[in-house]
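In: Provided below for reference: sequence and predicted model.
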Amino acid sequence: MEKTFLMVKPDGVQRGLIGEIVARFEKKGYKLVAAKLMVISQELAEKHYAEHKERPFFGELVDFITSGPVFAMVWEGENVIATARQMMGKTNPADAAPGTIRGDFGITVGKNVIHGSDSPESAEREIGLFFSSEEIASFDKLTDQWVY
Ligand code: DAT
Ligand code: MG
């Protein structure tokens, strides 16, 4: 089954949005298979956002993502990578539809509450950066028979 990497960013943690965000993916029917509260090192931040290294906002982005604890998660389910991106909303909360996480909880692009992998390749890469294989649970969720 497909897996994705999602992370409540430092602004979302400080604002008390972890529970609200986890609840949305739980209610959707997805399965949480790994989660931890952690502070991202400079090195991990630079690896995680390597694709943006040449962008003018890279320094700010790394400073922000390392500025306080994040809540890192792995979620599993059918088409979870693309659907989680839809549930998050557009990168800039100003463009994100109401009902999406960024549309409901964010105002500016620099503090947009949540990260989510944008493709199968980035999901695999990001899960590997943040979690060891022993940290990812493999189990049957009994309610899946009422979801699928
Ligand atoms: P996403 O997080 O939706 O995958 P992205 O990968 O293009 O978006 O950018 C990563 C993060 O960088 C994004 O969540 C917020 C920040 N960012 C993107 N564009 C920005 C901009 N023009 N100014 C400041 N920060 C920006
Ligand atoms: Mg991205």
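Out: Yep, it's here. Ligands and ions are numbered 1, 2, ... in the order given.

In: Please enumerate the helices of the chain.
Out: 10-14, 18-28, 42-48, 58-65, 80-88, 101-105, 120-130 (DSSP state H).

In: What is the burial count for residue 140?
Out: Using other C-beta atoms under 10 Å, residue 140 is surrounded by 8 other residues. C-beta coordinates here come from the backbone N, C-alpha and C atoms, glycine included.

In: What of residue 25?
Out: 21.

In: Up against ligand 1, what does this protein have?
Out: 52, 57, 61, 91, 109-110, 112, 115, 118 (C-beta under 6 Å from any ligand atom).

In: 8 Å - rerun?
Out: The chain comes close to ligand 1 at residues 9, 49, 51-52, 55-57, 60-61, 85, 88, 90-92, 109-110, 112, 114-116, 118, as judged by C-beta under 8 Å from any ligand atom.

In: Give me the buried subset of those residues.
Out: Burial by neighbour count, 16 or more other C-beta atoms under 10 Å: within these this picks out 9, 49, 61, 85, 88, 90, 112, 114-116, 118.
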